[in-house]
Structures are given as C-alpha cells and as structure tokens.
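> Compute the structure for the input listed below.
(chains A, B, C and D)
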Number of protein chains: 4
Amino acid sequence: MQLTSEQADKLIGAARTKAKAIGIAVSVAILDSAGHMKAFSRMDGAWLGSSDVALRKARTSVLFEAETHSIWDIRKPDAQAHGLEHTNGGLVTFAGGIPLRAVNGDLLGSDRRLGGQVEQDFAVASAGVASLPA
Amino acid sequence: MQLTSEQADKLIGAARTKAKAIGIAVSVAILDSAGHMKAFSRMDGAWLGSSDVALRKARTSVLFEAETHSIWDIRKPDAQAHGLEHTNGGLVTFAGGIPLRAVNGDLLGSDRRLGGQVEQDFAVASAGVASLPA
Amino acid sequence: MQLTSEQADKLIGAARTKAKAIGIAVSVAILDSAGHMKAFSRMDGAWLGSSDVALRKARTSVLFEAETHSIWDIRKPDAQAHGLEHTNGGLVTFAGGIPLRAVNGDLLGSDRRLGGQVEQDFAVASAGVASLPA
Amino acid sequence: MQLTSEQADKLIGAARTKAKAIGIAVSVAILDSAGHMKAFSRMDGAWLGSSDVALRKARTSVLFEAETHSIWDIRKPDAQAHGLEHTNGGLVTFAGGIPLRAVNGDLLGSDRRLGGQVEQDFAVASAGVASLPA
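Okay, here's the model as predicted:
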C-alpha cells in the first residue's frame, strides 16, 4: 500500500488548518515510505529556511521509521549513536517529523512541518497524521 | 507581489486535471520568483525521476525568465552559450518550464511538469498557467 | 520592493568605512530577501575564510528573518531546535548577520561581515544597516 | 602583487557603465589570482541565473589563465581535452571570462559578466579590464 496523492493533499490541508488555528505559518513536506517527496506546501509568511528543515525532518523520520525527537536520545553527544545526524546527508532530530502508518502498520511515509515553536510544529504535524483514515 | 499558496494550489489543481484528461501522471513543481519551492505534487503513477526534472525545469525557467525550451537555442553545441546547462547546479532545457507572470508582467514564479511526452508536458504546464487569474 | 544595487553599494561602503575606523578588514555580503547575492566585497587583508562566513551569516539571517546571534538560543545543544545549524546547507549562528528592512518593515535582504572579533563584526554590520535610508 | 579592493571596485564600475551604455543588466564577478571572490555585483534586472554563470566564467578564466572562449577549442567533443568542462566543479567555456594581468604580466585575477548576448558580455568584460591601470 502506497501513500496516494489524495492522502497527501488531505495531510497538507489538515496541517495548514491547524497551523492557521494556532496562528503560525509553516512548510509541510509529505514523503512516501521510500523518502521521496510526494507533496509540499510553503504557507504564505513561512520562513524560507523552513522548507529545508521540513524536508529533512520528514526524511529523517522515514529513514529510521521514528518520530524525529525520539532519535535525539540515541544521537546526543554521549549516546551510543552520537553523531548519527551527520549521516544520510544530514538529519534533523528535534520534534515535528512523524511516520505515517496505515491501519496495518505499514510505513506509508512521513509528514513534517516547521514554522513555530517546536511544540506547535508537533501539534501541526499530529493534526496532519490524525487526518489519515484509520 | 508574491505568489500565494492559494495561487500555487490552483496551478497544481489545473495541471493535474489536464494531465488526467490526457491520460498521463506527472510531477508538478511551483516555484516563487526567487526559485524557492512553493508547492509540489507527484501524482500517483508518475516516475520517481520526474520530481527532479520538474524542479529543475521550474528553476531553469525562473533563473532565466524564459520558457525552458527557448534556452535550447542558445545552449546547444554550436550556439553562443554552449554548455550553459551545466551552470546553476544543472539546468533542463526542453519544454515544460513556463514563467508565471502577474497581470503587470512581474515574474511570479515558475510552473513545471514532467511525466508524459514533452508536448504533453507543455500542454499540462500551459493548463496550469492558464488558471492564474488574469 | 526589492533591494537595489545602489542600496547594496551604500551598505558595503558604510561597512568598509566602519571597519577601517576600528582597524579591521572584513568580507561584506549583501543578499536580497530571497537569499541571492546582490553584492560582495572582501577587503584587502581580510581572511580568505571570512567570505564563506559572511555569505552564510547573511543567508542564515534571510532564511529565518532574524539576527544570526538570536538563533543560537534555539539551536544550542539543549534547546528546542538543537542542530538547526546543520540544515539549509549550514547556518552560522553567531553575531554579525542582520536582516535589512524597508521603512514598511518588509524584508529587503541581509547584511553580514566577518573579519574581527564578533562584537566588532556586529558594529560593522550595524553601520551598514544604519546607512539604509529610513 | 595582488588585486586590491580599489581595483576590483573600479572594474565593477567600468563594467556596469558599459552594460548600461549598451542597455543590458549583468552580474559581475571579480576573482583574485587564486580564484577567490574579491567583489561581486548583480545589477538590477539581471537574471538570477547570471550570478552563477559569472562566477564560473571568472573561475574558469583563473584556473586555466585564459579567456573562457579560448578553452572551447580544447574541450569540444573531438578535441584533445574533450569534457574538460566537467572538471573543477564545472567550467564555463563561452566568451566573457577574461584574465586580469598586471603590467608585468602576473595574473591578478579574473573578471566576468553575463546578462546579454555573448558578444555584449565580452564587450562589458573588456571594458572592465581596460579600466585597470596599465
């Protein structure tokens, strides 16, 4: 089962709605389970720098099938995989990248935003994910 | 005047509608007038390789404020700017990248697809551009 | 409203004057609001390494619409966006990159120097920014 | 003897004056004899894509101590160094990059523009070079 354009559009819509509701402008990147970009939107007023952060977070999330902030624990200075963030062309390991899973648990892809405080980004990303039909 | 998310969504919608009508699946990249990605969609069934081509075509079109195929004449082997395609990180100089212009002629950004025969791509891109309010 | 060559020349002139006054040699990079280089000058005697630092600082400042040193607080090891400096091809987050704003508050671009102590660099960059007509 | 900021400013000024006189807008890149950027200016209205072309031409000219168009003869498909343009991160081998030489013949750096027809670019670059004190 592969992520469809229809699902990606829905994810972007839900994320933008949540972002507007909390008063921030974000970049949203939706990748498929192979890490290839499926859909993207940079909202009016989002920082230019948010595009690359959004893409890297979504990619990090796909590459290790994990929420980005959970990778911090294994990559931080004294942890077992310290420096992991320098692999794969550069990872981002703070909150906001979330794997997308189908009902059967298969990885569908990833969803990522940047634009507000990190907690806000996580809320926006979660709203996107929640829009996927269960 | 800057390209808005609403305009970008509309461009993507018009391009996908045209692509479906002629039976092809394409990647659509919408850049702003500075060459930064504003919106992107890879339709279900489009080649993975179409994403990069779409992005490069849109970028080529912004960087030289021209339809991509018109650059071929100056960059081909014996032309005055032979090899121009190796600059700016790699240009694409066949049809499909079209500058987006506002009513006053200002460059708004660029619009690009790949997925079918080049003539089909041009038709799809043109349908997108035609959706911009005049 | 776009940053003009005339404004960029003025910014560079003011920065070089200030640098000479405090006895340092710097690289000055002026970018437009999309992060594209508009003007650049490496003063005689400036470190070769100062060019890249100047360009990255100006770029960082544009990408996140902030003075570079203010980004340190969110990207330092324990902060919410730790590691942000590894995105966007590499950011610089110490003092010296300053957003240029027009009278109406629109982002015009960024201005950055390196060549002396960081406090000196900030003084030089500020002198440049102060030369913009209010 | 090294290229000075004063010389670089003069070269840029002469090039811009010539460009205005023939009605084109160009990017001007002045490199020192080691290929490091000394000064740069993108004139209002110049294509965004002209910056990279200007920088690569100036760099090509320094790396092989030759006018860029003279490299075409040795790098073209059947010539002895065919494909040379793919070395050094990408060369540009059409007209417009000119080595700067001091009275004693030492290489001072390079000077390059793009923005008009290639012949116009060469005229603009030549005007810049002619401004160097003999």
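> switch to C-alpha atoms for all contacts and neighbour counts from now on
Fine.
> May I have the helix or strand where A:Val62 lies as CSV, with CA atoms only?
Per DSSP states H and E, A:Val62 falls inside helix A:50-63. Output of helix A:50-63 as CSV, limited to C-alpha atoms (Å, rounded to 0.1, in the frame of the first residue of the first chain):
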residue,chain,number,x,y,z
SER,A,50,11.5,26.2,6.9
SER,A,51,11.4,24.3,3.6
ASP,A,52,14.7,22.5,4.1
VAL,A,53,14.0,21.8,7.8
ALA,A,54,10.6,20.3,6.9
LEU,A,55,12.1,18.1,4.2
ARG,A,56,14.9,16.9,6.4
LYS,A,57,12.6,16.1,9.3
ALA,A,58,10.3,14.1,7.1
ARG,A,59,13.3,12.3,5.6
THR,A,60,14.8,11.6,9.0
SER,A,61,11.5,10.1,10.1
VAL,A,62,11.3,7.8,7.1
LEU,A,63,14.9,6.7,7.2
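> Could you identify the helix or strand that succeeds it?
helix A:72-75.
> who touches that following helix?
A:79-85, A:93-94 (CA atoms under 8 Å, 6 or more residues apart in numbering or on different chains).
> before we move on, what about stretch A:43-54?
In contact with stretch A:43-54 (CA under 8 Å, 6+ apart) are residues A:16, A:24-29, A:42, A:92, A:97, A:112-115, B:4-5, B:36-38, C:34, C:60, C:62-65, C:84, C:87-88.
> Just those: which are in helices?
A:16, B:5, C:60, C:62-63 (DSSP state H).
> And the contacts of helix A:72-75, which of them are buried?
A:84-85, A:93-94 (16 or more other CA atoms under 10 Å in any protein chain shown).
> Chain D: which of those residues is nearest?
Minimum distance to chain D across the buried ones among the contacts of helix A:72-75 is 26.4 Å, recorded for A:Glu85 (CA to the nearest CA).
> Spell out which parts of chain A neighbour chain B.
For chain A, the residues in contact with chain B (CA under 8 Å from any CA of the partner chain) are A:4-5, A:36-44, A:48, A:51.
> For A:Ala123, what are phi and psi?
Phi and psi for A:Ala123, reported as degrees, to the nearest 10, are phi -60, psi -40.
> Chain C versus that one, what's the distance?
14 Å (CA to the nearest CA, to the nearest Å).
> and what of A:Ala66?
Separation of A:Ala66 from chain C (CA to the nearest CA): 17 Å.
> Next: A:Asp73.
12 Å.
> So which elements touch the host helix or strand of A:Leu11?
A:Leu11 belongs to helix A:5-21 when assigned by DSSP H and E. Applying 3 or more CA pairs under 8 Å, 6 or more residues apart in numbering or on different chains; DSSP states H and E, one finds that helix A:5-21 makes contact with strand A:27-32, strand A:37-42, helix A:118-130.
> buried sites along it?
A:5, A:7-16, A:18-19.
> still on that earlier bit, with the ones in helices among the contacts of stretch A:43-54 in mind, which one is nearest to B:Ala123?
Nearest to B:Ala123 among the ones in helices among the contacts of stretch A:43-54, counting by CA to CA, is B:Ser5 at 22.5 Å.
> Hmm, A:Ser27 and that closest one touching each other?
No. Counting by CA atoms under 8 Å, B:Ser5 sits too far from A:Ser27 to count as a contact (10.8 Å).
> Which residues of chain A lie near chain C?
Checking chain A against chain C by CA under 8 Å from any CA, the hits are A:47-50, A:52-53, A:56, A:90, A:92-94, A:118.
> Most neighbours among the residues you listed, which one is it?
A:Val92 (31 neighbours; other CA atoms under 10 Å in any protein chain shown).
> mind listing what it touches?
When contacts are counted by CA under 8 Å, 6+ apart, A:Val92 is found next to A:53, A:56-57, A:60, A:68, A:85, C:83-84, C:86-87.
> what's the burial count for A:Gly23?
A:Gly23 has 11 neighbouring residues, counting by other CA under 10 Å.
> and what of A:His86?
Residues lying near A:His86 (other CA under 10 Å) number 12.
> And it, how far from A:Ser70?
To A:Ser70, A:His86 is 16 Å away according to CA to CA, to the nearest Å.
> Taking the residues of chain A next to chain B together, which two end up most distant?
Once CA to CA is applied, the residues of chain A next to chain B give A:Thr4 and A:Leu48 as the farthest pair, at 26.8 Å.
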